[in-house]
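# Take a look and give me a structure for this.
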Amino acid sequence: MKKLLFLSTALALVLFTGWKWLLLPGIEQGRNKRTGPKYPPLSEEAAALHPSLVVGDLHADSFLWARNLENEADYGHLDLPRARRGNLAIQVFTAVTKSPRGQNYAENSSKTVDNITLLAIVQGWPPRTWNSLLQRALHHAERVTKLERRSPDQLAVVHSAADLRRVLAARQQGGEQLAAILGIEGAHPLEGELENIGVLYDAGYRVMGLQHFFDNELGGSLHGRSGAGLTEFGRAAVREMAARSIVIDVAHASEQVVRDVLDLVDQPLILSHTGLKGTCDTPRNIRDELLQRIAAGGGLIGIGYWDAAVCDTSPRGIVKTLRYAIDLLGLEHVALGSDFDGSVTTAFDVSELGLLTEEMLRQGFSETEIRKIMGENVRDFFLAQLPPA
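As a prediction, the model looks like this:
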């Protein structure tokens, strides 16, 4: 009997170890790939300039996965050690609470199987998250704040403009804190209740996307079936977000939703991770003239690094898209929106952000253009739009 108990315990330990060290990394390795070559060292000019930049990014999904971001991994796109090497200063970390299998950019039915449910169970999220999108978002916020408590010298959750100023001032004195701003990718966690905007705000969320891959209670997704604009609930939700100084993100929203939001509120919007139709005509990108309307309202457009956004994922291709965006939208309205760890394939990871600085120099960008695109626009936008204190 004792022998049987010993064998059962040993088998359980083997299975647990295999699940933790083999299965979980394997899941993410198949979703967040880096496929670029081994790039040569930066030029002397880029190596001198890049550490002096404020580098900011509008969208990453790194807390969706089981990795401990305190530790450097050899897979995925972003963790704190690699972020430090890439000189990343500001990152919007977004909670993904509902996503279809296949992630079809052309069309998704609201009845499509949600793949986050299985991921939550396999990764050992609390049972309360298995059938509640709100609880998934709250769990995401808890993971970020727990990391902040464990590594306060490496990461700080930003709730206000004053918080952001403190982090940036500390970095100027040699500090290494990453300013983490919490966002939701699609307002699915509202679960049809306006009160949940306050719940999420209290949990630390300062950026709220309206849709992801599905149409929802607020309106149509760019990848849904209806193409609809804001519903009455959506209008009420947008007004409540604006009243709380929550930054509204229209990434993945239908073009009619984007128009409706622009007509409804005066505050600047972000489109956190995208490309432009003029350089990459895919179903993932909305029309250039609508991006111009966002920019005209003081908004900020984050340029992504994956194929459906930019078509050419090399540093050269991304920087060509950035030049097109500057010419179309104006320098102050263009930023980085990597979608790191968002089930995408990129040519480089966060430790290699200097490649963009290198390529911008190669393509004739001025130092002012490089500084603004790499992060000063993100810094200035959030200093202006976050609650003051």
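# any idea how this protein splits into domains?
In terms of domains, the chain is parsed into 1-30, 45-385 (source: automatic domain parsing).
# What is the end-to-end distance of the longest one?
Right, domain 45-385. The first and final residues of domain 45-385 sit 34 Å from each other (CA to CA, to the nearest Å).
# Next, the buried residues of the strand or helix carrying Arg136.
Per DSSP states H and E: Arg136 is located in helix 133-150. The neighbour-count check on helix 133-150 (16 or more other CB atoms under 10 Å) flags 133-141, 143-145, 147-148 as buried. Placement of C-beta: from N, CA and C, glycine included.
# Please apply the same query to stretch 60-73.
Ala60, Asp61, Ser62, Phe63, Leu64, Trp65, Ala66, Arg67, Leu69, Ala73.
# List the pairing partners of the helix or strand that the helix holding Arg136 is followed by within its sheet, with orientation.
On the C-terminal side of helix 133-150, the closest following helix or strand by DSSP H and E is strand 155-157. If you go by DSSP bridges, strand 155-157 pairs up with strand 178-184 (parallel).
# ok, of the domains of the chain, where does mean pLDDT dip lowest?
Of all the domains of the chain, the minimum mean pLDDT falls on domain 1-30 (a mean of 52).
# did I read that right, Leu271 in a helix?
No - Leu271 is assigned strand when assessed by DSSP: H, G, I helix; E, B strand; the rest coil, not a helix.
# ok, now which ones touch it?
Each residue near Leu271 by CB atoms under 8 Å, 6 or more residues apart in numbering is listed here: Asp249, Val250, Ala251, Val258, Ile286, Leu291, Ile294, Gly299, Leu300, Ile301, Gly302, Gly337.
# Repeat that for Gly302.
Gly302 makes contact with 57-59, 251, 270-274, 335-338, according to CB under 8 Å, 6+ apart.
# Measure how far whichever strand or helix holds it is from the centre of its chain, please.
Secondary-structure element containing Gly302, defined by DSSP H and E: strand 300-303. Mean C-alpha position of strand 300-303 versus that of the full chain (CA atoms, centre = their mean, to the nearest Å) differs by 11 Å.
# ok, back up a step: distance to Ala179 and secondary structure added to the buried residues of stretch 60-73, as a markdown table?
What follows is these, written out as a markdown table (distance: CB to CB, whole Å; DSSP: H, G, I helix; E, B strand; the rest coil):
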| residue | distance to Ala179 | secondary structure |
| --- | --- | --- |
| Ala60 | 13 | strand |
| Asp61 | 17 | coil |
| Ser62 | 14 | helix |
| Phe63 | 15 | helix |
| Leu64 | 20 | helix |
| Trp65 | 21 | coil |
| Ala66 | 24 | coil |
| Arg67 | 20 | coil |
| Leu69 | 14 | coil |
| Ala73 | 22 | coil |
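# Which member of these is positioned nearest Leu210?
Nearest to Leu210, judged by CB to CB, of the buried residues of stretch 60-73 is Asp61 at 16.9 Å.
# isn't the closest one right up against Val92?
No - with contact defined as CB atoms under 8 Å, Asp61 does not count as touching Val92 (10.2 Å).
# And the pLDDT for Leu42?
So Leu42 comes in at 98 (pLDDT).
# can I assume it sits in a helix?
No - counting by three-state DSSP, Leu42 is not part of a helix but coil.
# got a list of what it touches?
By CB under 8 Å, 6+ apart, Leu42 lies in contact with His50, Gly354, Leu355, Thr357, Glu358.
# Of those residues - the most surrounded one?
Highest neighbour count within the contacts of Leu42: Thr357, with 28 neighbours (other CB atoms under 10 Å).
# How about the secondary structure of the residue lying closest to it once chain neighbours are set aside?
With sequence-adjacent residues excluded and distances taken as CB to CB, 6 or more residues apart in numbering, Thr357 is closest to His50, at 4.4 Å. Of the three states, His50 takes helix under three-state DSSP.
# ok, now how distant is His50 from Asp79?
The gap separating His50 from Asp79 is 19 Å, by CB to CB, to the nearest Å.
# same check, this time on Ala169
Relative to Asp79, and taking CB to CB, Ala169 is found at 24 Å.
# For the residue lying closest to Gly86 once chain neighbours are set aside, the count of nearby residues, please.
Closest residue to Gly86 apart from its sequence neighbours, by CB to CB, 6+ apart: Leu353 at 3.9 Å. Using other CB under 10 Å, Leu353 has 25 neighbouring residues.
# cool, the one 3 residues further on as well?
Residues near Leu356, counting by other CB under 10 Å, number 27.
# ok, it - contacts?
Neighbouring residues of Leu356 by CB under 8 Å, 6+ apart: Pro315, Ile318, Val319, Leu336, Met374.
# What's the ChimeraX syntax to select whichever of those residues are buried?
Command for ChimeraX that selects the buried part of those, burial taken from 16+ other CB under 10 Å:
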select :315,318,319,336,374
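# Among the contacts of Leu356, which ones are in helices?
Using DSSP state H, the members of the contacts of Leu356 that fall within helices are Pro315, Ile318, Val319.
# what comes up buried for the helix or strand hosting Val261?
Using DSSP H and E, Val261 sits in helix 255-264. Neighbour-count burial for helix 255-264, counted by 16+ other CB under 10 Å, picks out Glu255, Gln256, Val257, Val258, Arg259, Asp260, Val261, Leu262.
# Having no further points to raise, I will conclude here.
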